[in-house]
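Peer 1: pasted the sequence and its predicted model underneath.
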Amino acid sequence: MRVPKNIYDQIILHAKKDLPNEACGYLAGKGGVVTKAYVIKNIDQSHEHFSFDPQEQFAVIKDMRKRNLVPIAVYHSHPATPARPSKEDIKLAYDPDISYLIISLAGNVPDIKSFKIKKDSQNDNQMNKEQTNNNQPKCNLHGKSQSNNHRVEKEEIDII
Ligand SMILES: [Zn+2]
């Protein structure tokens, strides 16, 4: 994933602004290059987990479609824990093709890492191939499998 420096700084600022709670949003773009960050309200108002405001999420997905962008990453902050997906983050990860980017504010300097989370019960080649063609905003919460098998793969972030 490639992230322009100004967007990288923007999401760190968002994470700091929403302290003590977790901040969350989407990074959208094309071909793995992020061109826009979308702030979404964390309706959990919690420092340990987040849930997108569903209405804002819907509006954001619609805006992406209008601009011909695709969601590249879901980002959220960890105010006091490392930049690693929590058990709940893994459990709630719904899309094996999207990146999960975590901004940790636990140390003196913000630490940002990105992951792909794949569940073994999911076949990678369903759903997401037609991402740019389908007519529905992609707000799906499928893949509620009972399986605990998952692979968390760290992914490089290039700041451009
Ligand atoms: Zn988390």
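Peer 2: Looks like it arrived, so ask away.

Peer 1: so is the one helix or strand residue 103 maps to next to the ion?
Peer 2: Using DSSP states H and E, residue 103 falls within strand 99-104. No. Strand 99-104 does not reach the ion (CB under 5 Å from the ion); its nearest approach is 6.0 Å. Where you see a C-beta, it was placed from the backbone N, CA and C, and this is true even at glycine.

Peer 1: next secondary structure after that strand?
Peer 2: Assignment by DSSP H and E places the next element after strand 99-104 at strand 111-119.

Peer 1: tilt between that following strand and strand 99-104?
Peer 2: Note on geometry: by axes from the mean of the first three to the mean of the last three CA atoms, to 10 degrees, strand 111-119 and strand 99-104 are set 140 degrees apart in direction.

Peer 1: which strands and helices sit next to strand 111-119?
Peer 2: helix 5-17, strand 99-104, strand 150-155 (3 or more CB pairs under 8 Å, 6 or more residues apart in numbering; DSSP states H and E).

Peer 1: please name the nearest non-neighbouring residue to whichever residue of the chain sits closest to the ion.
Peer 2: As assessed by CB to the ion, the ion sits closest to residue 89 within the chain, at 4.1 Å. Distance criterion CB to CB, 6 or more residues apart in numbering; nearest residue to residue 89, sequence neighbours excluded, is residue 100 at 6.6 Å.

Peer 1: residues touching that neighbour, list them.
Peer 2: 73, 74, 75, 76, 85, 89, 93, 114, 115, 116, 117 (CB atoms under 8 Å, 6 or more residues apart in numbering).

Peer 1: from these, which two are the most distant?
Peer 2: Farthest-apart pair in the contacts of residue 100 is 76 and 116; separation 15.3 Å (CB to CB).

Peer 1: tell me the bridge partners for the residue nearest to residue 99 when sequence neighbours are not counted.
Peer 2: Among residues not flanking residue 99 along the chain, residue 73 sits closest, at 3.9 Å (CB to CB, 6+ apart). Residue 73 forms beta bridges with residue 27, residue 99, as assigned by DSSP bridges.

Peer 1: quick one, what contacts the spatially most central residue of the chain?
Peer 2: Centroid check for the chain by CA atoms, centre = their mean gives residue 74 as the closest residue, at 1.0 Å. Residues near residue 74 by CB under 8 Å, 6+ apart: 24, 25, 26, 27, 98, 99, 100, 101.
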